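**Q** predicted model and sequence follow; I will ask about them next.
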Amino acid sequence: MGALALALVQPSAAHAASPTLRVNDLTVTERNASGLVANVAVVLSRAMPRRVTVQYTTVNGTAKAPGDYAARSGTAVFPAGVKKAVVPVAIKGDLLDENDEKFRVRISNPTRAVIADAVGVIQIVDNDPLPQLSAGNAKAVEPNSGATQQMSFPVTLSAPSGRRVSVSYVVTAGTATAGTDFSVPVASGVMKFPAGVVTRHVAMTVLGDNLDEANETVNLVLVNPTNATLATSAATATIVDNDGPALFVGSTSKNEGWTPNNIYNFNVSLSAPSPQEVRVNWATANGTAVAPSDYSANSGTLVFAPGQTVKTASVAVQGDIATEGHETFRVNLSAPVNATIGGGQGTATIVNDDCSSFDEGSSAAFNLGSLSGDTGSGVRSRTDNICVNDADWHKISLTEDDSSLFSSRDLTARISLNVWNSPAQTSGDLDMCVYRANLSLVGCGSNGGVTDEQLLVKKADNVFSWDSTTVYVKVFGFQNNKMNNYTLSINGNVSTGIAPNL
């Protein structure tokens, strides 16, 4: 009986003599890129004369394959005399700020050994810095009265985070007035960024009006971040006023002249006074006139002080004596501040004032209208230009419903020379002749040189029919390559024999 008992005890003793296996815990620091290997040690309590094996596998924890590490399983082999086997596990690197994470390596089914500690805990320590929070500015154009416009402050993280990020915020009025210029559903609170989210917004509503006013502001401040740092803690939202006046640039026309730097002025005006400073850029642009031969290109910025409505953009035109057609160039407005552009382009017409010789004849006569003998209606006149060997024709209709009234009325034609070009005319002659409807000559002025000319046609002389007839007046003269200005006056309300001083 005692021998039998001894035999039963011996297997248990042999089992107790088997070596033990355990998996060591391990801590590694994550890298920004892959390449890190966690060498997990499986250890025998003592070396054995024969080979020992044990199966292993990785098990997810807060770290999960394949995002955080590469799962693996297999058999760890301890050759005779070896006490340690290594299970290599690849750790995946990233740039994501996150909590430290863990996974496990579990062993099972040993041969020639028993398991003392079947699980090793591998901790991956995060190496990524906290992301930075930045408050962003916002801008919106104010709508008209009764309308609204949505606007929001963007709040962004510099990089995605693997942890929930939060930050407190508060919205306050700057120059804008809450309830009048804007409204905010939640003026203060805590903004939360779930893992992976990089942008959130603080929303507000812009309230429209029709007041011309300065741009207005609303402020945002961030405080008390969690799992992040503050890079930009304050931002400003700008409500851009849309009620400013409109800008218009006018056109201009002027004789070219014969000397350099003949100034052409463009009036730039506001549709209404503004309570704030208004600015606008202007610049010339070629048309049929080309800089620099015809005019000097120019540009600048016009500044309207509060209340001002008109400014001037000036351009120098280069005069010449060449016979040519009228030419044009433009002034364009751009980049207005505190105003809009209503009419952004003005045209300058350079009126050619250089002489050419031609006589278009009576068929091209300018119609001065009519004079009535019944009413003795006054004077018909016209101002025009005259060149070397040029001739201008004019016509006028005479009417007489009651011949008795016209018996005491004569007709006087007079030309007055108005020298306006430089140099002034000091020589030459300016003449005038009167013709019947059939173009037969009635008579001409008798003064020579540059003095005024006058011709009195008496009713009593019966040189033409005074009832419903047409009279032509020809003005002609010469002054070498110069153009001069004259006024022709025809008076049908003159007492017989009197030459009026028109």
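**A** Great, that's in hand.
**Q** domain-wise, how is the protein divided?
**A** 16-125, 132-240, 246-351, 362-495 (automatic domain parsing).
**Q** how far does the third one sit from its chain's centre?
**A** Okay, so that is domain 246-351. 21 Å (Cα atoms, centre = their mean, to the nearest Å).
**Q** first residue to last residue on that domain, what's the distance there?
**A** 30 Å (Cα to Cα, to the nearest Å).
**Q** mind listing the helices for this structure?
**A** 2-16, 403-406 (DSSP state H).
**Q** now the residue nearest the centre of the chain: closest residue in space, sequence neighbours ignored.
**A** By Cα atoms, centre = their mean, the mean C-alpha position of the chain lies nearest to Ala335, the distance being 6.4 Å. Closest residue in space to Ala335, ignoring its immediate chain neighbours: Asn281 at 4.6 Å, by Cβ to Cβ, 6 or more residues apart in numbering. Using the backbone N, CA and C atoms, a C-beta is placed for each residue, glycine as well.
**Q** state the pLDDT value of that neighbour.
**A** Asn281 carries a pLDDT value of 97.
**Q** what about it, neighbour count?
**A** 14 (other Cβ atoms under 10 Å).
**Q** same question for Arg104.
**A** Neighbours of Arg104 under the rule other Cβ under 10 Å: 18.
**Q** roughly how far apart are it and Asn367?
**A** 110 Å (Cβ to Cβ, to the nearest Å).
**Q** likewise Arg436?
**A** Taking Cβ to Cβ, one finds Arg436 at 17 Å from Asn367.
**Q** who's more crowded, these two?
**A** A count of neighbours by other Cβ under 10 Å puts Arg436 above the other of Arg436 and Asn367, at 15 against 12.
**Q** for the more buried one, give its distance to Trp393.
**A** Taken as Cβ to Cβ, the span from Arg436 to Trp393 is 14 Å.
**Q** which residues do these two both contact?
**A** Tyr472 (Cβ atoms under 8 Å, 6 or more residues apart in numbering).
**Q** correct me if wrong: Ser166 contacts Gly189.
**A** No: in this structure, Ser166 is not within contact of Gly189 by Cβ atoms under 8 Å, at 10.2 Å.
**Q** these two: which is more packed in?
**A** Taking other Cβ under 10 Å, Ser166 and Gly189 do not tie; Ser166 has more neighbours (15 against 12).
**Q** quick one: contacts for that one?
**A** Val190, Met191, Lys192, Phe193, Pro225, Thr226, Asn227.
**Q** can you do 6 Å?
**A** By Cβ atoms under 6 Å, 6 or more residues apart in numbering, the contact list for Ser166 reads Val190, Lys192, Thr226.
**Q** so what sits opposite it in the bridge?
**A** Judged by DSSP bridges, the bridge partners of Ser166 are Lys192, Thr226.
**Q** for stretch 328-340, which positions count as buried?
**A** Phe329, Arg330, Val331, Leu333, Pro336, Asn338, Ala339 (16 or more other Cβ atoms under 10 Å).
**Q** looking at these, which are in strands?
**A** Phe329, Arg330, Val331, Leu333, Pro336 (DSSP state E).
**Q** okay, the third one: pLDDT?
**A** Looking at Val331, its pLDDT stands at 96.
**Q** any idea how far it is from Thr217?
**A** Distance from Val331 to Thr217, by Cβ to Cβ: 34 Å.
**Q** any idea which of the domains of the chain scores lowest on pLDDT?
**A** domain 362-495 (a mean of 65).
**Q** how many residues are close by Ser168?
**A** Around Ser168 there are 14 residues (other Cβ under 10 Å).
**Q** kindly report the same for the one 3 residues further on.
**A** Residues near Val171, counting by other Cβ under 10 Å, number 22.
**Q** repeat that for Ala246.
**A** 15.
**Q** out of everything not next to it in sequence, what's closest to it?
**A** Gly342 (3.2 Å).
**Q** what do you get for Ser233?
**A** Leu222 (4.7 Å).
**Q** how near is the residue nearest to Ala335 to Lys311?
**A** 12 Å.
**Q** equivalent analysis for Ser188, please.
**A** Taken as Cβ to Cβ, the span from Ser188 to Lys311 is 46 Å.
**Q** the two: who's more crowded?
**A** Set side by side, Ser188 and Lys311 show more neighbours around Lys311, with 21 against 12, by other Cβ under 10 Å.
**Q** isn't the more buried one right next to Thr301, touching?
**A** No: counting by Cβ atoms under 6 Å, no contact exists between Lys311 and Thr301, whose distance comes to 9.9 Å.
**Q** hang on, the earlier thing: quick check: bridge partners of the residue nearest to Ser233?
**A** Tyr169.
**Q** over to Gly74?
**A** Here Gly74 shows beta-bridge partners Tyr56, assigned using DSSP bridges.
**Q** and it, how far from Ile396?
**A** From Gly74 to Ile396 the distance is 121 Å (Cβ to Cβ).
**Q** how many residues are close by Ser73?
**A** Count around Ser73 with other Cβ under 10 Å applied: 12.
**Q** I meant Ala116, not that one.
**A** Counted by other Cβ under 10 Å, the residues lying close to Ala116 total 13.
**Q** excluding its backbone neighbours, what's nearest it?
**A** Going by Cβ to Cβ, 6+ apart, Ala116 has Thr20 as its nearest residue, at 3.8 Å.
**Q** relative to Asp243, how far out is that neighbour?
**A** Thr20 is 86 Å from Asp243, by Cβ to Cβ.
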